[in-house]
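Trainee: attaching a predicted model along with its sequence, questions to come.
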Amino acid sequence: DAGVIQSPRHEVTEMGQEVTLRCKPISGHDYLFWYRQTMMRGLELLIYFNNNVPIDDSGMPEDRFSAKMPNASFSTLKIQPSEPRDSAVYFCASKYGTGFGEQYFGPGTRLTVT
Amino acid sequence: AQSVTQLDSQVPVFEEAPVELRCNYSSSVSVYLFWYVQYPNQGLQLLLKYLSGSTLVKGINGFEAEFNKSQTSFHLRKPSVHISDTAEYFCAVSDGNAGNMLTFGGGTRLMVKP
């Protein structure tokens, strides 16, 4: 398997623009997680899905952020409008089954908002 | 609520020397503990996990960790480090929810010098 795939790997955009980050989980995995990593706040869970349904979005910072999972092989994280403080590395991870199986992380998308 | 504290943001060490990366947690319920490693420009990878049973847990790449309930600690150790161990290490805790939501510490950058 190719692992978790994220695109783009790098994104530079201007404040106020819409940004869409994409994730393809490992085939067969039924959990998908979106994380954000910054120097100030470390690694934070934003939202996670089970069988394409959002389960917990308490980590989503504000209404400017939204996430969808239209099918088992694709998820998006959208920021609209983007702000400089959204600059971070965004990771997607997937997992199979309930319990304590490993979360497999993608390589991340480095977002810079100027 | 649960939290994780990694006491050292950076740990420099010479090659072939032993190393210990410290992690303390707080949780009001049963805890399940993890160590992840992040190599430069990559996503996180699971090193080891403690769920129950023996308090000494062995992981990949020669790492091990010891769960100490009385001290609420889960320190990571390796008897002899290699240059290739240079990376960021994250301690994480889960309260056992079905999705295995993880709360991460701030990370410790291990810098192995020749």
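Mentor: Done, it's in.
Trainee: give me the number of residues near A:Glu102?
Mentor: The tally of other residues near A:Glu102 (other Cβ atoms under 10 Å in any protein chain shown) stands at 16. From N, CA and C alone the C-beta is placed, and that goes for glycine too.
Trainee: that one should be in a strand, yeah?
Mentor: No. Under DSSP: H, G, I helix; E, B strand; the rest coil, A:Glu102 falls outside any strand and is assigned coil.
Trainee: who touches it in this structure?
Mentor: Counting by Cβ atoms under 8 Å, 6 or more residues apart in numbering or on different chains, A:Glu102 makes contact with A:Lys95, B:Leu46, B:Lys49.
Trainee: and residue 14, what does it touch?
Mentor: No chain was given, so I picked chain A. Neighbouring residues of A:Glu14 by Cβ under 8 Å, 6+ apart: A:Ser82, A:Val113, A:Thr114.
Trainee: actually it's chain B I care about, not the one you picked
Mentor: Going by Cβ under 8 Å, 6+ apart, B:Phe14 touches B:Val112, B:Lys113, B:Pro114.
Trainee: partner residues bridging the residue of chain A found nearest chain B?
Mentor: Distances between chain A and chain B by Cβ to the nearest Cβ are smallest at A:Phe105, namely 3.1 Å. Beta-bridge partners recorded for A:Phe105 (DSSP bridges): A:Ala93.
Trainee: which one of the contacts of A:Glu102 is nearest A:Glu18?
Mentor: Comparing the contacts of A:Glu102 against A:Glu18 with Cβ to Cβ picks out A:Lys95 as the nearest, at 28.7 Å.
Trainee: leaving out the residues flanking it, which one is nearest to the closest one?
Mentor: Among residues not flanking A:Lys95 along the chain, A:Tyr31 sits closest, at 4.1 Å (Cβ to Cβ, 6 or more residues apart in numbering or on different chains).
Trainee: sorry, back to before: which ChimeraX command selects the buried ones in the contacts of B:Phe14?
Mentor: ChimeraX command restricting those to the buried ones, with burial defined by 16 or more other Cβ atoms under 10 Å in any protein chain shown:
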select /B:112
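Trainee: so where is chain A shaky, pLDDT-wise?
Mentor: For chain A, the stretches flagged by pLDDT under 70 are A:1.
Trainee: what residues does it have near chain B?
Mentor: A:4, A:31, A:33, A:42-45, A:48, A:50, A:55-56, A:91, A:93, A:95, A:98-108 (Cβ under 8 Å from any Cβ of the partner chain).
Trainee: would you list the buried entries among these?
Mentor: Buried subset of those (neighbour count, 16+ other Cβ under 10 Å): A:4, A:31, A:33, A:42-43, A:45, A:48, A:50, A:55-56, A:91, A:93, A:95, A:100, A:102-108.
Trainee: against B:Asn100, how distant is the residue located most distally from the centre of chain A?
Mentor: Relative to the C-alpha centroid of chain A, counting by Cα atoms, centre = their mean, A:Gly99 is the outermost residue, at 21.0 Å. Taking Cβ to Cβ, to the nearest Å as the criterion, A:Gly99 is separated from B:Asn100 by 7 Å.
Trainee: any idea how far the residue most central in space within chain B is from A:Val113?
Mentor: For chain B, B:Trp35 is the residue whose C-alpha lies nearest the centre (Cα atoms, centre = their mean; 3.4 Å). If you measure B:Trp35 against A:Val113 using Cβ to Cβ, the figure is 32 Å.
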